[in-house]
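[1] pasting a predicted model and its sequence here:
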Amino acid sequence: EYINGWGITTATDIALAWLLARIIFGPCHPAVNFLLLLAVVDDGIGLAIIAIFYPDPLNPVEPIWLILVAIAMAIAFNLRRRAVLSYWPYVLICGFISWLGMYSAHLHPALSLIFIVPFLPSAGESLPNHSAHGVDDAVCCSTLSKFEEQVSPFVDFGLLFFGLTNAGVEFAAISNLTWIILIAIVLGKTLGISLFTYIALLLQFKLPEGMNKRDVLMAGLIGGMGLTVALFVAGAAFVDPILQG
C-alpha cells in the first residue's frame with residue numbers, strides 16, 4: 001500500500017524553494033534561477049505523474065482523444081510561424097482544444113496548457129518569416145513574458161486559497177511511511193538532482209556562470225521541499241486519511 005505513494009516526493013514547491021534559495025544563496029546568485037527552473041520542470045513532471053499513474057478508476061484513460069492535443073499543438077505551431085504575438089489565440093483556441101482532449105481522455109485537464117505554452121514567442125526571439133508577416137525587426141516578441149505577467153495575479157490568488165484550504169493538514173500519525181518519505185526527500189532527492197546534474201556536465205552541458213558543484217548539492221537538498229503537487233499526489237495515491245496525513 002505504501003508503494004502507491006512513490007510519486008509524492010517527485011515535486012518541488014516553487015515558492016518555498018525560491019524563498020529558501022534566496023535566503024541561503026542570496027537574491028542574485030545563479031543557483032536561484034537554476035532551482036526555479038528545476039522546480040518548474042519538476043512540478044510539470046509531478047502533474048504528469050498524477051495524470052498518468054493516478055487516474056480515476058471509474059474513468060479509465062482513453063488515449064484516442066489525445067489526437068485533439070496534437071491538433072492543438074499543430075495550430076499553436078502555425079500561429080507561431082505566422083508571428084502571432086498575442087497570447088489569446090494560443091490560450092483560447094489551442095488551450096481549449098487541448099483541454100477538451102485531456103478531459104475526454106480522462107487525464108488531468110490542468111495539464112492542458114503545458115502543451116501550448118512552449119509555442120508562445122519569448123522575449124528577444126526571432127520568429128520564422130516574421131518580416132513577411134509585417135512584424136518589424138525591432139518588435140520584442142515577448143508574448144510569453146506578457147502571458148506570465150498578466151496571468152500571474154490570478155494564479156497567485158488561486159494559490160492563496162489553496163494554501164488556506166490546505167493549511168489545516170494534520171499529522172494523523174507518524175509511521176514507517178513518514179520516515180520513508182523523509183529519507184526519500186532528504187537523501188533521494190539530493191542525490192538524484194546532484195547525480196543527473198553531474199551526468200549533464202559529462203554530456204558537455206554547463207552550470208550557470210558563478211555556480212559550482214557544492215551549490216548543486218545544496219540546490220538538490222532544497223529541491224526536496226514539496227507542498228502543492230505533493231499534496232495532490234498524496235490525495236490521489238492514498239484513500240486512507242491516516243496515510244494522507
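    Arrived safely.
[2] alpha carbons only for contacts and neighbour counts from here, please
    Noted.
[3] give me the below-cutoff pLDDT ranges for this protein.
    The chain contains residues with pLDDT under 70 at 123-141, 162-164, 166-172, 241-245.
[4] element containing the spatially most central residue of it, please.
    Residue closest to the average C-alpha location in the chain (CA atoms, centre = their mean): G44, at 2.8 Å. Secondary structure from DSSP states H and E places G44 in helix 30-53.
[5] ends of stretch 79-98, what's the gap?
    15 Å (CA to CA, to the nearest Å).
[6] for it, which positions count as buried?
    79-87, 90-91, 94-98 (16 or more other CA atoms under 10 Å).
[7] just give me the closest of these to T9.
    Closest approach between the buried residues of stretch 79-98 and T9, by CA to CA: S98, at 27.6 Å.
[8] still on that earlier bit, can you tell me which of the buried residues of stretch 79-98 is nearest T178?
    Of the buried residues of stretch 79-98, the one sitting nearest to T178 (CA to CA) turns out to be S98, at 37.2 Å.
[9] which residue packs closest to the closest one, ignoring adjacent ones?
    Ranked by CA to CA, 6 or more residues apart in numbering and with sequence neighbours excluded, the top spatial neighbour of S98 is V69, at 4.4 Å.
[10] contacting residues for the one you found?
    Contact analysis of V69 by CA atoms under 8 Å, 6 or more residues apart in numbering lists 97-99, 101-102, 112, 115.
[11] with distance to Y2 and secondary structure added, can I get these in a markdown table?
    Output for the contacts of V69, formatted as a markdown table (distance: CA to CA, whole Å; DSSP: H, G, I helix; E, B strand; the rest coil):
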| residue | distance to Y2 | secondary structure |
| --- | --- | --- |
| I97 | 37 | helix |
| S98 | 33 | helix |
| W99 | 32 | helix |
| G101 | 32 | helix |
| M102 | 28 | helix |
| S112 | 30 | helix |
| F115 | 32 | helix |
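[12] quick revisit: out of the buried residues of stretch 79-98, list just those in strands.
    Under the assignment DSSP state E, the buried residues of stretch 79-98 contribute nothing to strands.
[13] just these: which are in helices?
    Here DSSP state H is the test, and those give 79-81, 95-98 as lying in helices.
[14] show me which of the residues you listed is closest to A236.
    Ranked by distance to A236 (CA to CA), those are led by S98 at 22.8 Å.
[15] let me see the contact set for the closest one.
    Here S98 is in contact with 68-73, 112-113, 115-116 (CA under 8 Å, 6+ apart).
[16] now do it against A39, distance only.
    24 Å.
[17] ok, T143 next?
    Distance from T143 to A39, by CA to CA: 22 Å.
[18] these two: which has the busier surroundings?
    Between T143 and A39, counted using other CA atoms under 10 Å, the more crowded position is A39 (24 against 20).
[19] how much space between the more buried one and I14?
    5 Å.
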